[in-house]
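Participant: Need coordinates for the following:
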Amino acid sequence: MKSRIQATNQQSKIHMNSYNHLLKLNHSAIVTLDSDLIIKDVVGASRILSHHQADSLRGVDYLSLVAPDYQNLVVDALKSLESYAIEYPLLQGQHQQWVRHQADHTSERGSECSFIIQAIEAPTHQSPVNEIAIRERTLLDTLPDMLIVIRQNGVITDFHTSSDTQSLGIHDDVIGQNISDTKLPQALLDETQLYLDVGVPDYVQSIEFSADDTTDNDYFEARLVRLSNDEIMILIRNMTAMKRVQDDLNQHIEDLNLVRQVNIELSADLDMEYVSPLALDAALRMTHAQAGYLAMRESEGGFKLLSHLGAYDEAYLQLHLTNQVGIIGRILKHNRAELILDVSQDPDYIPALEDTHAMMAIPLLSKTQTVGVLVLETALDDRFSRERFQFLQLITGRIAAFLDNAILHRQTKQHLEEVRELEQLKTDMIRIANHDLKNPIAGIMGYMELLRFDIKDKLSESERAYLDKIDVAAKKMQRITSGILSLERIEQLKDQQNLKTVNLMSLVNQSVSEQMDYAVRSEQILYRHLPDDNIYVQGDPLQLHEAISNLVQNAIKYSPPQSHVHVTLDIVGQKARVIVEDNGFGIPEDQQERLFSPFYRVTTRETRFIEGTGLGLHLVKNIIERHSGEMIFESTYGEGSTFGFTIPLMLPSLVG
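Facilitator: A predicted model of the protein is given here:
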């Protein structure tokens, strides 16, 4: 994939170098301005801006380069929505360089615009002393393809032409004729007559026109210049090559804008039904294709038709994609884009449309995987070109990335649906535990107590041991189901507004008192450290009581006899803090990472015989996070552990 991107970038550089070369040959440059008339880019600047480096012009106010007397003229032209051509001088240090500024159109006001400037010689405005010398100098300076000198009455007094203007159909024998009697295009004759009617003004008039009787799309530019009070000179230049360069540049700008728009559209949405027609439409416009289709690879390896334009039979087209035969099969096999300029000469071509003459077939690659295929077709023999084919590949990579993201998005949605199904299954299993396991376990434990009472004197030592093991197992099952049901209850309450004002000091005091007998039986000392004033939080009192009791019970359970357990309640910043600290067995560092995972129990030589389900700390963590709090944990193996949590204090204004 990397090599394909490098190849495409290299082709783009060659493409731009060709434009630069053409521009420099014509002493021209293409300038792009933003909405504030700041230069965004300059391509092809040669002698036009010789006092500046192209890179240094970016970010420069374009008007600062224009001679002050002409700045208003430039601003008015840039605001125009029509095609225009103007002439003005650009500042070159202490000198000026006259340019001809031309644009087919500009963007709407408020957006960026691009235009072409061409170096020209400064127009001659002063009255000449020697008219013949001035004519010769002007001819040498401007090097026109045709030169005509006429008097104010329209009579031609001098004439020069070259092979580039032969399509205009006038020759040397026109001297002495009236210009209106020549075969010059009517547009030029009308403009010349208007120039003469205003009394040979002291300004240069420019006009563009095409030859009326040519079929070669020849374009010309004429400049009308005063030589004296009674005589003007018409300089005509064949602009066909320049016009074609300008058309190519305009097409290039349009293509770049299209690529940018495609990138925006493809980044905005992952809905294939919305975006895939946009991607196909962009490809059609970029290549001037008449028909085409876009398909995406399915997880099973086949291809699904996403969008098409043209008189295709969808069923036949889908069959064509499924079987991967013909040209489609070939490009997918080799993962290589192909331009077929004449499909009748390709033995693998299988027609999907009538009259197709040329085809572009491109596999869409993302991360070296083929995620789709793009096919474009035309019935015209001059519609597709290698340049268009290469430029198209600037957007095919973006289309491939879109398809890849859309596939991942679809797979994620499928996985989420599977997760929802598993979540429902989990809920069902918990309900089974609640209804189908809870009562039988309670029955087992009840009958165990009756059995012990009825036959305790008739059992051997080993039989009593068996009953003890059954009792231990039943109680363990009861603890597991109780823990699971507690987690489910928290899950069910997470979206319910069941919060109350809770006196946390009262809750801690209650939990410690309830665990005091357990501490005494375990030969441990249980301390409580409470503040002088009540501490209020907002929450579920049953859940918070369960969390605190669980932490205190764990500290007692995992500490040896004669240990100390300290329970502290205080305020840190805007939060209430509960800390349970022991000097018990502690937890090895390599087992601390999974401590809060469900059903995980720390295993050491000191704790291997202690009963537990591995749900207690997971339950506490869920409760605290439901109350927008954070867990506190620190432990050193062999020295003890500290567990606790912080939760936000209740605002004083809400405490009743």
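
Participant: Please count neighbours and contacts with C-alpha atoms only from this point.
Facilitator: OK.

Participant: which stretches of the stretch 51-200 of the chain have low pLDDT?
Facilitator: 51-55, 104-110, 124-144, 163-167, 172, 200 (pLDDT under 70).

Participant: can you pull the contacts of Thr192?
Facilitator: By Cα atoms under 8 Å, 6 or more residues apart in numbering, the contact set of Thr192 is Leu224.

Participant: could you show me where the strands are in the stretch 401-550 of the chain, in order?
Facilitator: 500-503, 525-529, 536-539 (DSSP state E, counting those that start in this stretch).

Participant: Can you tell me what sits against the last one?
Facilitator: The reference is to strand 536-539. Under Cα under 8 Å, 6+ apart, the answer for strand 536-539 is 498-505, 576, 627, 647-650, 655.

Participant: same question, the first one
Facilitator: Contacts to strand 500-503, defined as Cα under 8 Å, 6+ apart, come from residues 534-541, 650, 655.

Participant: what about 6 Å?
Facilitator: 535-539 (Cα atoms under 6 Å, 6 or more residues apart in numbering).

Participant: I'd like those residues written out as TSV, with distance to Gln94, neighbour count and pLDDT added.
Facilitator: As requested, these are arranged in TSV below (distance: Cα to Cα, whole Å; neighbours: other Cα atoms under 10 Å; pLDDT from 0 to 100):
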residue	distance to Gln94	neighbour count	pLDDT
Ile535	81	20	93
Tyr536	80	21	93
Val537	78	24	93
Gln538	78	20	90
Gly539	79	24	89
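
Participant: got CSV for these, with distance to Ala85 too?
Facilitator: Output for the contacts of strand 500-503, formatted as CSV (distance: Cα to Cα, whole Å):
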residue, distance to Ala85
Ile535, 81
Tyr536, 79
Val537, 76
Gln538, 75
Gly539, 75
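
Participant: Which of these sits closest to Ala279?
Facilitator: Checking the contacts of strand 500-503 against Ala279 with Cα to Cα, the nearest one is Gly539 at 52.2 Å.

Participant: tell me the SS of the closest residue to Phe596 other than its chain neighbours?
Facilitator: Excluding its sequence neighbours, the residue lying closest to Phe596 (Cα to Cα, 6 or more residues apart in numbering) is His618, at 4.7 Å. Judged by DSSP: H, G, I helix; E, B strand; the rest coil, the three-state class of His618 is helix.

Participant: ok, His618 to Arg464 distance?
Facilitator: According to Cα to Cα, to the nearest Å, His618 and Arg464 sit 35 Å apart.

Participant: Check Tyr274 too.
Facilitator: 74 Å.

Participant: Could you do Ser635 as well?
Facilitator: Separation of Ser635 from Arg464 (Cα to Cα) stands at 39 Å.

Participant: Those two: which has the busier surroundings?
Facilitator: Ranked by neighbour count (other Cα atoms under 10 Å), Ser635 and Arg464 place Ser635 first, with 20 against 16.

Participant: The more buried one pairs with what?
Facilitator: Ser641 (DSSP bridges).

Participant: Isn't it up against Ser641?
Facilitator: Yes - when contacts are counted by Cα atoms under 6 Å, Ser635 is listed as touching Ser641 (4.1 Å).

Participant: buried sites along stretch 396-405?
Facilitator: 396-404 (16 or more other Cα atoms under 10 Å).

Participant: Helix or strand next in line after the helix or strand containing Val275, which one?
Facilitator: In this structure, Val275 sits in helix 272-287 according to DSSP states H and E. Scanning forward in sequence from helix 272-287 by DSSP H and E, the next helix or strand is strand 291-297.

Participant: Specify the angle between that next one and helix 272-287 in degrees.
Facilitator: Counting by axes from the mean of the first three to the mean of the last three Cα atoms, to 10 degrees, strand 291-297 lies at 140 degrees to helix 272-287.

Participant: Strand 291-297 packs against which elements?
Facilitator: Strand 291-297 sits against strand 303-309, strand 369-378, with contacts defined as 3 or more Cα pairs under 6 Å, 6 or more residues apart in numbering; DSSP states H and E.

Participant: Reformat those strands as a markdown table; add mean pLDDT, distance to Pro560 and mean neighbour count.
Facilitator: A markdown table is the format used below for these (pLDDT from 0 to 100; distance: least, Cα to Cα, whole Å; neighbours: other Cα atoms under 10 Å):
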| stretch | mean pLDDT | distance to Pro560 | mean neighbour count |
| --- | --- | --- | --- |
| strand 303-309 | 87 | 67 | 19 |
| strand 369-378 | 89 | 60 | 23 |
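
Participant: now those strands in CSV, with distance to Ile170?
Facilitator: Formatted as CSV, those follow (distance: least, Cα to Cα, whole Å):
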stretch, distance to Ile170
strand 303-309, 50
strand 369-378, 42
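
Participant: With respect to Tyr70, which of the ones you listed lies nearest?
Facilitator: Once the helices and strands packed on strand 291-297 are compared by Cα to Cα, strand 369-378 is nearest, at 48.4 Å.

Participant: so what does the closest one touch, helix or strand wise?
Facilitator: Going by 3+ Cα pairs under 6 Å, 6+ apart, strand 369-378 lies up against strand 291-297, strand 358-366.

Participant: who wins for proximity to Ile48 among the helices and strands packed on strand 291-297?
Facilitator: Nearest to Ile48, of all the helices and strands packed on strand 291-297, is strand 369-378, at 41.5 Å by Cα to Cα.

Participant: Name the strands paired with the closest one and say parallel or antiparallel.
Facilitator: Using DSSP bridges, strand 369-378 pairs in its sheet with strand 291-297 (antiparallel), strand 358-366 (antiparallel).

Participant: what is the orientation angle of it with strand 303-309?
Facilitator: 30 degrees.

Participant: Touching strand 369-378 from outside, list them.
Facilitator: Residues from elsewhere that reach strand 369-378, judged by Cα under 6 Å, 6+ apart: 289-297, 356-365.

Participant: circling back: find residues that contact each of Ser635 and Ser641.
Facilitator: In contact with both Ser635 and Ser641: Gly586, using Cα under 6 Å, 6+ apart.

Participant: next helix or strand past the helix or strand of the chain with the lowest mean pLDDT?
Facilitator: Within the chain, no helix or strand scores below helix 131-142, which has a mean of 45 by mean pLDDT, DSSP states H and E. Counting by DSSP H and E, the element after helix 131-142 in chain order, helix or strand, is strand 146-151.

Participant: buried set for the first helix or strand past that following strand going along the chain?
Facilitator: For strand 146-151, the succeeding helix or strand toward the C-terminus, using DSSP H and E, is strand 156-161. Residues of strand 156-161 classed as buried: 156-159, 161 (neighbour count, 16+ other Cα under 10 Å).

Participant: Repeat that for stretch 178-196.
Facilitator: Neighbour-count burial for stretch 178-196 [16+ other Cα under 10 Å]: 179-180, 184-185, 188-189, 191-192, 195-196.

Participant: taking those one by one, which sit in helices?
Facilitator: 188-189, 191-192, 195-196 (DSSP state H).

Participant: Among these, which one sits closest to Glu314?
Facilitator: Leu188 (54.9 Å).

Participant: For the closest one, give me its contacts.
Facilitator: Counted by Cα under 6 Å, 6+ apart, Leu188 has zero contacts.

Participant: Apply 10 Å and report the result again.
Facilitator: 180, 194, 206-211, 220-222, 234 (Cα atoms under 10 Å, 6 or more residues apart in numbering).

Participant: likewise Ile253?
Facilitator: Ile253 touches 32, 113-114, 247, 259, counting by Cα under 10 Å, 6+ apart.
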